[in-house]
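Undergrad: how would this look folded up:
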Amino acid sequence: MFDFDQWIDRKPSRALKWLKYEGTDILPMWVADTEFKAPPAVIEALRERVDHGIFGYSRPSPALTELIIARLAERYDWRIEADWLVYMPGVVPALNLACQTFSEPGHSILMPKPIYYPFLHAPGFHGRKAAHVSMVEKDGRWLLDLEELEAQAKDAELLLFCNPHNPGGTIYSREELLAINDIAKRHNLLVCSDEIHCDLLLDEGKRHLPYAALDDDAANRSIILMAPSKTFNIAGLCCSFAVIPNAELRTRFTRAARGIMADVNLLGFVAAEAAYQDGDDWLAAQLAYLRQNRDIIVERLGKVPGVKVLSPEATYLAWIDISALEIEDPIGFFEQAGVGLSPGGQFGGSDFVRLNFGCPRAMLDEALHRMIAAINAR
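TA: Sure thing, here's the model as predicted:
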């Protein structure tokens, strides 16, 4: 029904992912959007809206708000109220707004490391200090070092968090999140949790648990950031939302946004509503396809001496440890082989590279062939 094997030429579309390597045959496997067409329902809804022909200022429909409320209840057993929702043009702007709103200049903001790179930059943009807590490997998964978190928390006001983790792909359990929240409670930390990958769960049988759904305390100290953008490959339409149960925090957040935060793109609202209304069959098919891609990566790269990759539980991103290869310039090395990856140092892990496997199987096969051949030829 849905053709994820279709290799679509994105070069004429001015896609950022492909523009980086314009004029070369390098396969771009870096920035986190996929090579898949959005769900048919989304495309059709956008066509209808474009045919209307007028593109003035817009607001979210009551139907979109009701869809989000129902979705969070059904998929995550999290019951929210409509006024907890704050629509935003993107998770990264919302993340930066949280840094500015819920910390003081010169103070520390905590975050795991490695982590999605805008986290690393956000404190400095607003005159704050970034304090890092190591992610450690445990039983084939990447988890926060709780001892480090405890030691650093006393000097911070805000914890930036990524659930599921990017780039490691961890789906945190209730027990793991409760341990983090116990520390946050002891040190009166607010928590801004980026949960943009919450629908992209690859390990069947595991469920995403929003940080604020842990208990009343977690709800009262958290800002949850979500979006349909990664799930349905509509990131360029710039529609996301924050869920802030605490009325005081929500008021501070929305006041800080006045005059500086852009409204959501009207086509973003249209796409989000269509995706949440009619996109779940497409999502299920995409997840099945991504699971196979992930398993291919783990199997093939796992056989290459000097390469280590843990099987990501979520996302379409592989976090690959190449430290044993001792390559001085990993990104240049793999670009020379015809594959464009994200540098691990960008996320705080210089011995790693990140590979986006949200692509047709033929593209992934070719990329892995090029990478493995280059490593074996060293």
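
Undergrad: only C-alpha atoms from now on, for both contacts and neighbour counts.
TA: Noted.

Undergrad: so Ile109 sits right up against Glu157, yeah?
TA: Yes: using C-alpha atoms under 8 Å, Ile109 makes contact with Glu157 at a distance of 6.4 Å.

Undergrad: more neighbours: which of the two?
TA: Ile109 (29 against 20; other C-alpha atoms under 10 Å).

Undergrad: for that one, what are phi and psi?
TA: Dihedral pair for Ile109: phi -120, psi 130, per degrees, to the nearest 10.

Undergrad: please report how far it lies from Glu150.
TA: 14 Å (C-alpha to C-alpha, to the nearest Å).

Undergrad: list the buried residues for the longest strand along the chain?
TA: Ranked by residue count and defined by DSSP state E, the top strand of the chain is strand 129-138. Neighbour counts over strand 129-138 (16 or more other C-alpha atoms under 10 Å) mark 129-136 as buried.

Undergrad: nearest to Ser61, of these?
TA: Ala130 (37.7 Å; C-alpha to C-alpha).

Undergrad: Ser108 is in contact with that closest one, correct?
TA: Yes: using C-alpha under 8 Å, Ala130 is in contact with Ser108, at 5.7 Å.

Undergrad: residue boundaries of the strands in the stretch 151-300 of the chain?
TA: Taking DSSP state E, counting those that start in this stretch, the strands of the stretch 151-300 of the chain run over residues 156-162, 190-194, 222-226, 240-243.

Undergrad: let me have these in JSON lines, adding mean pLDDT and distance to Ser323 as columns.
TA: Converted to JSON lines, the strands of the stretch 151-300 of the chain look like this (pLDDT from 0 to 100; distance: least, C-alpha to C-alpha, whole Å):
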{"stretch": "strand 156-162", "mean pLDDT": "96", "distance to Ser323": "24"}
{"stretch": "strand 190-194", "mean pLDDT": "98", "distance to Ser323": "28"}
{"stretch": "strand 222-226", "mean pLDDT": "98", "distance to Ser323": "33"}
{"stretch": "strand 240-243", "mean pLDDT": "98", "distance to Ser323": "36"}
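
Undergrad: and whatever helix or strand comes next after the longest strand of the chain, how far out from the chain's middle?
TA: As assigned by DSSP states H and E, the chain's next helix or strand after strand 129-138 is strand 141-144. Distance of strand 141-144 from the chain centroid (C-alpha atoms, centre = their mean, to the nearest Å) equals 16 Å.

Undergrad: list the contacts of Leu144.
TA: 112, 133-136 (C-alpha atoms under 8 Å, 6 or more residues apart in numbering).

Undergrad: would you list those in a markdown table and tack on distance to Val339?
TA: Shown next, in a markdown table, are the contacts of Leu144 (distance: C-alpha to C-alpha, whole Å):
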| residue | distance to Val339 |
| --- | --- |
| Pro112 | 28 |
| Val133 | 31 |
| Ser134 | 28 |
| Met135 | 27 |
| Val136 | 28 |
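
Undergrad: of those, closest to Arg186?
TA: Ranked by distance to Arg186 (C-alpha to C-alpha), those are led by Val133 at 16.9 Å.

Undergrad: about what we covered before: shared neighbours, Ile109 and Glu157?
TA: Joint contacts of Ile109 and Glu157 (C-alpha under 8 Å, 6+ apart) are Ser103.

Undergrad: pop the domain breakdown of this structure in here.
TA: For the chain, automatic domain parsing gives the domain ranges 11-40+280-376, 55-278.

Undergrad: please report how far Lys113 lies from Ser103.
TA: Taken as C-alpha to C-alpha, the span from Lys113 to Ser103 is 20 Å.

Undergrad: isn't Ala184 up against Ala153?
TA: Yes: between Ala184 and Ala153 there is a contact at 7.3 Å, judged by C-alpha under 8 Å.

Undergrad: pull the longest helix from this structure.
TA: helix 280-302 (DSSP state H).

Undergrad: given the helix or strand following that helix, what are its sheet partners and their directions?
TA: Note on helix 280-302: by DSSP H and E, the next helix or strand toward the C-terminus is strand 308-309. Note on strand 308-309: by DSSP bridges, its sheet partners are strand 317-321 (antiparallel).

Undergrad: tell me the mean pLDDT for the partner strand?
TA: Strand 317-321 carries an average pLDDT of 98.

Undergrad: following it, which helix or strand comes up?
TA: Strand 317-321 is succeeded, C-terminally, by helix 330-336 (DSSP H and E).

Undergrad: coming back round to it: how far does the longest strand of the chain sit from its chain's centre?
TA: Going by C-alpha atoms, centre = their mean, where strand 129-138 is centred and where its chain is centred differ by 17 Å.

Undergrad: equivalent analysis for stretch 38-54, please.
TA: 25 Å.

Undergrad: what sits up against it?
TA: With C-alpha under 8 Å, 6+ apart as the criterion, stretch 38-54 contacts 232-234, 267, 270-272, 274-275, 278-279, 282.
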